[in-house]
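Student: give me the fold of what follows.
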Amino acid sequence: MVIQDQNLEEIKNRIDIVELISNYVDLKPAGKNYRGLCPFHEEKTPSFIVSPEKGIFHCFGCGAGGGIFNFVMKIENLSFQDAVVHLSHKAGIELPTSKRNIQNKEYRQKAKIIQLNQIVQKYYYDSLIHSEDPLAKTSRQYLFQKRGIKLSTAEQFGLGYSPADGKAIIEYLYQHGFDGNDFIQAGIGNVIRKGELYDRFRGRITFALHDPNGEITGFAGRTLLENENPKYINSSDSPVFSKGNNLYGLFATKNEIRKTKTVILVEGYMDFLSLFENKITNCVASMGTALTVNQATLIRRFAEEVIICYDSDNAGRVATFRGVDILTKKGLSVKIAVLPTPYDPDSYLRKKGREEFLEILKQKKPIFDYQLELLLKEYGSNSLESQIHIIRGLLPSINSMTDSIEKSLKIRSLAQYLKVPESLIYNVLKGTQESEKKIKLFKTTQKDAAHGAIKAEKILIKFLLEDLTVRNLICDQVPIEYFSIPEHRRIYQVILNNKNEEFSLSDLINVFSGDELMSSCISAIGSMETEFPKISEELIQSLINTLKKAELKRVRTLLAGELAQQKDYKSKLLIGKRIEEIDKEIQGLKTRS
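Tutor: Now for the predicted structure:
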């Protein structure tokens, strides 16, 4: 499948890379670039750069990089063709090749499932509102009378009811051009032991599950029967749905979250709907499950602070504890809104009202205070064992504090409370930090290869892309073998092929669009800052000499190995003579440098 370069250029010209990436990352100006926390790996110090001038992004932490297509591919988990189609729609451009693109099997399957989900949702909603099925009446009573949900909210968020027979919906889908296999692929159809196909949500209240763009990707179903377990079920995983990758209600609240930079995180669907109906609209629900890393990544696209407001029971406390660790690792500020037993957010709002709930939010606790409270309840503080449990339990919170004054005061407070020396806590803290430093140093050493000849390769490629006038000077002296990194060789070959033409960084990104490794390499080179104020012939010659020396050293190493294994005397003399010549060449290059 071929997409024309002019189509890619037209899309790139229409879409502002800063505006696009700002939908996912909180970017702040940094000189002529923009900087933010990388959405592709965990970090607390921003190392993610967006260059509007060059039309690229690059993370100096994990190496991710490229142009707008690479970003959308990575953040939305799309193929290159799907990313092009996605951005062409965003830019309002009709692609000549878009019909062929949509024939892409994966893209077509996803589009079909989303279309099916929309039709299923209409069926569920109509069943909730109009069906005379006894369970449909119970559903209406539960949602609109017992829970106080407004009809407009039910429509906006796609609440519904799946009729108990579990069969009528299949006929309904057949009438709309879908078959049983489509129903199963969408994660809604379920084949029972007798081989019959049923709706897995039959006899349940349904909740449409949306992605951040508002597309329905799946459903959840709540039982109406007292003793039926599980209470909630979800669509099975499909090409468009995975429970751990979604946040309930985000499509409707993301703008308010982005505006306030704060999100209130609740557990259940009804918790979320109660908050939303009470005009508390910077909230999402983790869909009744333990918070996942992917959900935390999604939160970080829109917020800087998270207020966790889970149920007040033991399961809610455990979920809060686990969520804190995941969220802080993503660089988010976390506070806890503590509800009195036996309330959850929904029941508290219905019983006490909006103003009292807002007061709970105002009294949100820092992680340290909340965790200390829980640890004291669980272990006490009198025995040596309990003190060990408490200190170890609080270490992650203490480590995550960036304010040194706050950290010192919390350590002093903890030491006084436990009646132990402050030095003991500092020593334990120091031990964990030393271990982390060793691991970090090892990782840094492993990946830090950008020095010497490799750095010279990058600088020469950067010059080749930025200044057409130096191409002949470099290309005439540097054979492709001088580049030791395979990705650099591929880039250099493309430049050689276009030596006498206008060929920019943007053109190079187009050549390797869809290749994540090459895109990261190109963005790294395009984003690197050199210490040289201007390009000069002398500088270029020095860089070329660095590459020559490195190549000669590689050849010398191979010859030395050959010499050690060679048994023929004459051959040994010839190899030895060549090594001497190489040594002289290397020395000559050093003198010239």
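Student: quickly list the domain ranges of this structure.
Tutor: The record assigns the chain these domain ranges, following automatic domain parsing: 5-102, 105-239, 250-363, 381-443, 452-592.
Student: how about a markdown table for those, with mean neighbour count added?
Tutor: Yep, even glycine has a C-beta here, placed from its N, CA and C like the rest. Below are the domains of the chain laid out as a markdown table (neighbours: other CB atoms under 10 Å):
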| stretch | mean neighbour count |
| --- | --- |
| domain 5-102 | 18 |
| domain 105-239 | 17 |
| domain 250-363 | 19 |
| domain 381-443 | 14 |
| domain 452-592 | 16 |
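Student: where among those is average confidence lowest?
Tutor: Lowest mean pLDDT of the domains of the chain: domain 381-443, a mean of 76.
Student: what about the longest helix in this structure?
Tutor: helix 537-565 (DSSP state H).
Student: that one packs against which elements?
Tutor: Helices and strands touching helix 537-565, by 3 or more CB pairs under 8 Å, 6 or more residues apart in numbering; DSSP states H and E, are helix 452-466, helix 471-475, helix 569-592.
Student: looking at the ones you listed, which is closest to K112?
Tutor: helix 452-466 (41.8 Å; CB to CB).
Student: dump the domains of the chain to JSON lines, plus distance to L374.
Tutor: Formatted as JSON lines, the domains of the chain follow (distance: least, CB to CB, whole Å):
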{"stretch": "domain 5-102", "distance to L374": "24"}
{"stretch": "domain 105-239", "distance to L374": "26"}
{"stretch": "domain 250-363", "distance to L374": "6"}
{"stretch": "domain 381-443", "distance to L374": "8"}
{"stretch": "domain 452-592", "distance to L374": "42"}
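Student: tell me which of those sits nearest to L372.
Tutor: Of all the domains of the chain, it is domain 381-443 that lies closest to L372, at 6.3 Å by CB to CB.
Student: picking that back up, of the helices and strands packed on helix 537-565, which is nearest L224?
Tutor: Short answer: helix 452-466, nearest of those by CB to CB, at 63.4 Å.
Student: and the closest one, what other elements does it pack with?
Tutor: Using 3+ CB pairs under 8 Å, 6+ apart as the contact test, the elements touching helix 452-466 are helix 471-475, helix 486-497, helix 505-511, helix 516-527, helix 537-565.
Student: quick one: closest of those to D82.
Tutor: Of all the helices and strands packed on helix 452-466, helix 516-527 sits nearest to D82, with 14.4 Å by CB to CB.
Student: tell me the helices and strands packed up against the closest one.
Tutor: strand 48-51, strand 56-59, strand 65-66, helix 68-76, helix 452-466, helix 486-497, helix 505-511.
Student: show me where the stretch 251-400 of the chain has its helices.
Tutor: 269-277, 293-300, 314-329, 345-352, 354-362, 367-379, 384-399 (DSSP state H, counting those that start in this stretch).
Student: can you redo the helices and strands packed on helix 516-527 as a markdown table with distance to E226?
Tutor: Shown next, in a markdown table, are the helices and strands packed on helix 516-527 (distance: least, CB to CB, whole Å):
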| stretch | distance to E226 |
| --- | --- |
| strand 48-51 | 51 |
| strand 56-59 | 52 |
| strand 65-66 | 54 |
| helix 68-76 | 42 |
| helix 452-466 | 67 |
| helix 486-497 | 62 |
| helix 505-511 | 59 |
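Student: thinking again about what came up before, T138: which of the helices and strands packed on helix 537-565 is closest?
Tutor: Once these are compared by CB to CB, helix 452-466 is nearest, at 67.0 Å.
Student: off-centre distance for that closest one?
Tutor: Helix 452-466 sits 30 Å away from the centroid of its parent chain (CA atoms, centre = their mean, to the nearest Å).
Student: swap in stretch 186-196?
Tutor: 33 Å.
Student: okay, how far is it across that stretch, tip to tip?
Tutor: This stretch, stretch 186-196, spans 17 Å end to end (CA to CA, to the nearest Å).
Student: one step back: among the helices and strands packed on helix 537-565, which is nearest A296?
Tutor: Using CB to CB, the helices and strands packed on helix 537-565 put helix 452-466 closest to A296, at 33.8 Å.
Student: return that closest one as PDB; C-alpha atoms alone will do.
Tutor: What follows is helix 452-466 as a C-alpha-only set of coordinates in PDB (Å, rounded to 0.1, in the frame of the first residue of the first chain):
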ATOM      1  CA  GLY A 452      33.500  10.000  20.200                       C
ATOM      2  CA  ALA A 453      33.000   8.600  16.700                       C
ATOM      3  CA  ILE A 454      29.300   7.900  17.200                       C
ATOM      4  CA  LYS A 455      28.700  11.500  18.200                       C
ATOM      5  CA  ALA A 456      30.700  12.600  15.200                       C
ATOM      6  CA  GLU A 457      28.400  10.500  13.000                       C
ATOM      7  CA  LYS A 458      25.300  12.200  14.400                       C
ATOM      8  CA  ILE A 459      26.700  15.700  14.000                       C
ATOM      9  CA  LEU A 460      27.700  15.000  10.400                       C
ATOM     10  CA  ILE A 461      24.200  13.700   9.600                       C
ATOM     11  CA  LYS A 462      22.700  16.800  11.200                       C
ATOM     12  CA  PHE A 463      24.900  19.100   9.100                       C
ATOM     13  CA  LEU A 464      24.000  17.100   6.000                       C
ATOM     14  CA  LEU A 465      20.300  17.700   6.600                       C
ATOM     15  CA  GLU A 466      20.600  21.300   7.700                       C
END
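Student: between it and helix 486-497, how many degrees?
Tutor: 30 degrees (axes from the mean of the first three to the mean of the last three CA atoms, to 10 degrees).
Student: picking that back up, so which of the helices and strands packed on helix 537-565 comes closest to R412?
Tutor: Nearest of the helices and strands packed on helix 537-565 (CB to CB): helix 452-466, 46.5 Å.
Student: between the helices and strands packed on helix 537-565, which one is nearest to E422?
Tutor: Here helix 452-466 is closest among those (CB to CB), at 45.3 Å.
Student: contacts for the closest one?
Tutor: Contact partners of helix 452-466, identified using CB atoms under 8 Å, 6 or more residues apart in numbering, comprise 450, 470-471, 474-475, 478, 482-485, 488, 491-492, 495, 503-505, 508, 524-526, 528, 530, 532, 535, 540, 543-544, 546-547, 549-550.
Student: hmm, try it at 6 Å
Tutor: Residues outside helix 452-466 that contact it (CB atoms under 6 Å, 6 or more residues apart in numbering) are 470-471, 474, 483, 488, 491, 495, 505, 525, 530, 535, 543, 546-547, 550.
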